[in-house]
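*Asks:* can't give you the sequence, but here's the structure:
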């Protein structure tokens with residue numbers, strides 16, 4: 001899964017199949033979500049994303065765990081999404 005594959009408007013669900021929110025913005029390391037189970041705006045780290053399938057972002061936490069993570073604070077640094085092609089420096093063609 002690449003962060004550039006995620007799209008605004010996609011639902012975000014927890015691993016207990018509860019709705020956490022909706023993708024509002026995608027950064028390099030975080031996804032900004034709105035509402036529902038997250039309570040308000042949340043900044044979900046990429047490390048909490050277990051899978052993306054059929055336009056749905058699946059988290060690796062249950063709803064209660066995700067709500068207690070403190071994701072309401074925005075990232076401290078710049079989280080601009082990098083869209084440049086990935087370079088494979090170890091491959092010799």
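*Replies:* All right, it came through fine. Since the model is a prediction, treat every value here as computed from it, not as a measurement.

*Asks:* every contact and neighbour count from this point should use C-alpha atoms.
*Replies:* Fine.

*Asks:* how many residues are close by the closest residue to residue 41 other than its chain neighbours?
*Replies:* Nearest-residue entry for residue 41: residue 34, 4.5 Å, with adjacent residues in sequence omitted and distances by CA to CA, 6 or more residues apart in numbering. Neighbours of residue 34 under the rule other CA atoms under 10 Å: 21.

*Asks:* if I look at residue 34, how far off is residue 82?
*Replies:* Residue 34 sits 22 Å away from residue 82, going by CA to CA, to the nearest Å.

*Asks:* equivalent analysis for residue 53, please.
*Replies:* Applying CA to CA, one obtains 22 Å for the distance of residue 53 from residue 82.

*Asks:* in what helix or strand does the nearest residue to residue 60 once chain neighbours are set aside lie?
*Replies:* Among residues not flanking residue 60 along the chain, residue 50 sits closest, at 4.9 Å (CA to CA, 6+ apart). Per DSSP states H and E: residue 50 is located in strand 49-53.

*Asks:* pull out the buried positions in that strand.
*Replies:* Along strand 49-53, these residues count as buried under the neighbour rule (16 or more other CA atoms under 10 Å): 49, 52.

*Asks:* so in that sheet, which strands flank it, and in what orientation?
*Replies:* Applying DSSP bridges to the sheet, strand 49-53 is found paired with strand 56-59 (antiparallel).

*Asks:* which element follows the strand it pairs with toward the C-terminus?
*Replies:* Counting by DSSP H and E, the element after strand 56-59 in chain order, helix or strand, is helix 63-67.

*Asks:* would you mark the buried spots in that following helix?
*Replies:* Buried residues in helix 63-67, counting neighbours by 16+ other CA under 10 Å, are found at 63, 66, 67.
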